[in-house]
Structure formats: structure tokens, C-alpha cells
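Enquirer: Predicted coordinates and the sequence they were generated for:
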Amino acid sequence: QVHVVESGGGLVQAGGSLRLSCAASGGTFSLFAMGWFRQAPGKEREFVAGISRSGGSTYYADSVKGRFTISRDNSKNSVYLQMGSLEPEDTAVYYCAADDRYTDHVLRFVLEYDYWGQGTQVTVSS
């Protein structure tokens, strides 16, 4: 069974930075497309960033493009989300997701992912 665990959330001031980490176990990590999503109170879960199995392709939501960077280290079974220039609007629970059903491209939709972590809270104060 695949297990996904996020870490690194917390409270940060606007303009600050934070790095989220996600570890996936129970499968062959290099076969997983990985993604980060977020969900603010009262809103739907939305795509933030995704990375292909090989790490050769990435994709970002327009709202975070240029501020966030997704990366992966297949030797550590981990994916990361480096967040910079944080804004109060970035406040949400951030979820890591994994899926190994598709070929080597970025997955951008909730229904494309089979495995999810429990989420980590990111709060940006103004």
C-alpha cells in the first residue's frame, strides 16, 4: 500500500519562504507522478504544482508561477515544494499526491491522483 506523508508546514509572515517535503513509500517512487494541491477553508482543493516521474517536466498554477518551485529526489523517495514571496492568499492545507498509472507527464487534476497525504497547514500572516 502506498503511503504519502507531508511535512514542513507552519506559520510564516507575508513575503517569507517555506519548504514543504513529501515522502512516498510502498511503491516504486520513480514511477510516480507527484503533485501538490491546496485547500483553503470553504474552497475546493486546487492544483498548485506537479512534476513528472522523471522530473523532466513541471507545471504550475498561474497563482504560484514564479514564486513556487517543485522538485523531486528519486533517491530519497521525496518531492519538495519551495515556496517564496508568500502571500496571505497562500494560506491553506497543502496536500501531496502521487499516482503511477500514467506515462511520464505532469498530472494536474485531483481525479488523476490515487494516493494522498493527510495535508500540512501553511499559514501566511499579513
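Expert: Yes, it's here. A quick note: this is a predicted structure, and the numbers were derived from the prediction, not measured.

Enquirer: Find the centremost residue of this structure, please.
Expert: For the chain, the residue nearest the mean C-alpha position is W36 (2.1 Å; Cα atoms, centre = their mean).

Enquirer: List the buried residues for the one helix or strand A23 maps to?
Expert: According to DSSP states H and E, A23 maps onto strand 18-25. By 16 or more other Cβ atoms under 10 Å, the buried positions in strand 18-25 come out as 18, 20-24. Where C-beta positions appear, they are placed from N, C-alpha and C, glycine not excepted.

Enquirer: and that strand, what's its mean pLDDT?
Expert: Mean pLDDT, computed over strand 18-25, is 97.

Enquirer: for it, packing partners?
Expert: Counting contacts by 3 or more Cβ pairs under 8 Å, 6 or more residues apart in numbering; DSSP states H and E, strand 18-25 is packed against strand 3-7, strand 33-39, strand 78-83, strand 92-99, strand 120-125.

Enquirer: Who are the contact partners of the closest residue to I70 other than its chain neighbours?
Expert: Distance criterion Cβ to Cβ, 6 or more residues apart in numbering; nearest residue to I70, sequence neighbours excluded, is A49 at 4.0 Å. A49 makes contact with 35-36, 58-61, 64, 68-70, 81, according to Cβ atoms under 8 Å, 6 or more residues apart in numbering.

Enquirer: hang on, A49 in a helix?
Expert: No: A49: not assigned to a helix; according to DSSP: H, G, I helix; E, B strand; the rest coil it is strand.

Enquirer: ok, it to S57 distance?
Expert: Look at A49 and S57: by Cβ to Cβ, to the nearest Å, they are 11 Å apart.

Enquirer: Next: R108.
Expert: According to Cβ to Cβ, R108 and S57 sit 11 Å apart.

Enquirer: And V48, by the same measure?
Expert: Remark: distance between V48 and S57 (Cβ to Cβ) = 16 Å.

Enquirer: So between these two, which is more surrounded?
Expert: Ranked by neighbour count (other Cβ atoms under 10 Å), V48 and S57 place V48 first, with 24 against 13.
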